[in-house]
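1. here are the coordinates; sequence isn't available:
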C-alpha cells in the first residue's frame, strides 16, 4: 500500500499522507503557504531597501505593498492553522 493509499479522506484526517506526515495534506499545504508568505515578505523588505538605496521611490512603494500583502496572507494562514489545530485538539479530546 502506498502512503497516499493510507489516507482516510472521509474523516479529513490521515494516518500517513502523501507528504509522509501524520498531518492532513490540507494542513501541510497551509503551513507551506504560511512559510512561503513569510519568506516572500522578508525578501520584499530587502527589495524595499535596495529600491530606496537606488532612489526609486515607485519601486520601493511597490515592494512595500507586496510585503504588506504577504504579511496579511501569512496572518490569515496562521489564523486558519490555529483554528484547525484547535478544532483537531477538541476532536481528539472528545475521542478520549
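-> Looks like it arrived, so ask away. Every value quoted in this text rests on a predicted model; they were computed, and no experiment measured them.

2. Which stretches in this structure count as helices?
-> For the chain, applying DSSP state H gives helices covering 25-53, 57-95.

3. gap between the nearest residue to residue 30 once chain neighbours are set aside and residue 48?
-> In space, and not counting its chain neighbours, residue 30 is closest to residue 81: 5.2 Å by Cβ to Cβ, 6 or more residues apart in numbering. Every C-beta, even on glycine, is put in place using the N, C-alpha and C of the backbone. Distance, residue 81 to residue 48, using Cβ to Cβ, to the nearest Å: 27 Å.

4. neighbour count winner among the two?
-> Neighbours were counted for residue 81 and for residue 48 using other Cβ atoms under 10 Å; residue 48 has more, 19 against 15.

5. Around the closest residue to that one other than its chain neighbours, how many other residues sit close by?
-> Leaving aside its chain neighbours, residue 48 sits nearest to residue 63 (4.5 Å; criterion: Cβ to Cβ, 6+ apart). Number of residues near residue 63 (other Cβ under 10 Å) recorded here: 21.

6. now the one 10 residues further on
-> Residue crowding around residue 73 was assessed by other Cβ under 10 Å; the count is 17.

7. For residue 96, see how far away the most centrally placed residue in the chain is.
-> When Cα atoms, centre = their mean is applied to the chain, the residue found nearest the centroid is residue 34 (2.2 Å). Going from residue 34 to residue 96 by Cβ to Cβ gives 29 Å.

8. swap in residue 90?
-> 11 Å.

9. Which of those two has more residues huddled nearby?
-> For residue 90 versus residue 96, neighbours defined as other Cβ under 10 Å are more numerous around residue 90 (10 against 4).

10. Distance-wise, check that one relative to residue 50.
-> 46 Å.

11. which intervals of the chain have sub-threshold pLDDT?
-> 1-23 (pLDDT under 70).
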